[in-house]
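Student: Provided below for reference: sequence and predicted model.
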Amino acid sequence: MSGPGLLLDIDRLSCAYAGQPAVRELGLTLRPGELGCLLGPSGCGKTTLLRAIAGFHAPSSGTLRLRGADALALPPEKRGLGFVFQDLALFPHLTVADNVAFGLHRLDSGARRSRGLETLALLGLQDLAGRYPHELSGGQQQRVALARSLAPRPDLLLLDEPFSSLDADLRGRLRDELRALLKRLGIAALLVTHDQEEAFAFADTVGVMNAGRLLQWAPGFELYHRPATPFVASFVGEGRFLAARVIDRRRVSTALGELTVGSDLPFTVGSAVRVLLRPDDLMPSDDGGIEAEVSAVAFRGAETLHTLKLPDGTALTALFPSHQQREPGARVRVRPDLAHVVVFADEDVG
């Protein structure tokens, strides 16, 4: 997985936590300025991996290279990284300006103050330099923690669920502001979260983890439309698995009719398989298609999520424009409209 121009290069890295495997044979890369995200359920190893990159946790095997050089033997302070903790870890006895300047030991006092104030201004905090953490709102404290991590101008920022304590609106605004700032400064980042919306909105590349393994490392669009495993398909977005049978190398038969696959299937003719159907893969149809019964509806503003029951009892979901909302018990005709037909072996789908 090594290559030229990589900022972070991890290969077959394994870590244990409390005597149990936490990260298993994991590999990923980040290029300068790239924004990445680790997404997965609680306990999947995301934070352990982040701490291993930072130097706070010693891996049991594998390699970790920063800027082309082996980083495993380096202490955290020698790795040149910024780290934002989930609990912020601000110093209560220091002013905002002193918190931000805390890690700038290599600069003289004048340069430290100048860099600190410059960084505060980047995050709109210049008027709060003389205040103490307890005098700030939660959002302001979060900005101070970000400013402190950015003040040394690291080329890689590690973020451990930094927005989790904020309300949804503030979390979204701060996330978007941070993404724009990092892009402007050319600083790469690796964010840990369990929030899919946050992952897709912030990152260029998203990795889905489960049980210590990185199942897929790809742009959000690819994770959603071309998931590598049934777990990725289920964890990212909404979807149902439709029973199907292989007709030939490029076609499968389903309750919705025959579907054509974009590449050769690795299954023998007649094999039982499952096709992933996202809610946006089914469209209402005035003529043709297949009739289904609406069993439940969930209003979502511009769209309504309909749970549908096909004649054979299969349950699927479909998004209709809200002005086309049907009521439970109504019958509606639908047709598949799949840009990408994703097929898994029947036995791989739990």
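Tutor: Alright, I've got the coordinates. Residues are numbered from 1 along each chain as shown.

Student: any idea how many residues pack against residue 196?
Tutor: 18 (other Cβ atoms under 10 Å). (Glycine included, C-beta is placed from N, CA and C.)

Student: measure it to residue 172 for me?
Tutor: In this view, residue 196 and residue 172 are 13 Å apart by Cβ to Cβ, to the nearest Å.

Student: center of this protein - which residue?
Tutor: Taking Cα atoms, centre = their mean, the centroid of the chain lies closest to residue 199, which sits 3.3 Å from it.

Student: where does the chain dip in pLDDT?
Tutor: Residues of the chain meeting the criterion pLDDT under 70: 1-4.

Student: domains of it?
Tutor: 8-233, 238-348 (automatic domain parsing).

Student: just name the most buried of the ones you listed.
Tutor: Among these, domain 8-233 has the highest mean neighbour count (mean count of other Cβ atoms under 10 Å), at a mean of 18.

Student: who's in contact with the residue nearest to the centre of the chain?
Tutor: By Cβ atoms under 8 Å, 6 or more residues apart in numbering, the contact list for residue 199 reads 37, 39, 191, 193, 206, 220.

Student: got phi/psi on the fourth one?
Tutor: Spelled out, that is residue 193. Main-chain torsions, residue 193, degrees, to the nearest 10: phi -160, psi 160.

Student: what do you get for the last one?
Tutor: When quoted as degrees, to the nearest 10, the phi and psi of residue 220 stand at phi -60, psi -40.

Student: for it, give its distance to residue 73.
Tutor: 35 Å.

Student: quick one: the strands in the stretch 201-350 of the chain?
Tutor: For the stretch 201-350 of the chain, strands defined by DSSP state E, counting those that start in this stretch occupy the ranges 205-210, 213-218, 240-248, 251-254, 257-260, 272-277, 282-284, 290-299, 303-309, 315-321, 331-336, 342-345.

Student: make TSV from these and add distance to residue 230 to it.
Tutor: Listed next are the strands of the stretch 201-350 of the chain as TSV, based on distance: least, Cβ to Cβ, whole Å:
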stretch	distance to residue 230
strand 205-210	11
strand 213-218	10
strand 240-248	7
strand 251-254	16
strand 257-260	17
strand 272-277	8
strand 282-284	19
strand 290-299	23
strand 303-309	20
strand 315-321	16
strand 331-336	19
strand 342-345	5
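
Student: figure out which of the ones you listed is closest to residue 141.
Tutor: Each of the strands of the stretch 201-350 of the chain was scored for nearness to residue 141 using Cβ to Cβ, and the closest is strand 205-210 (27.0 Å).
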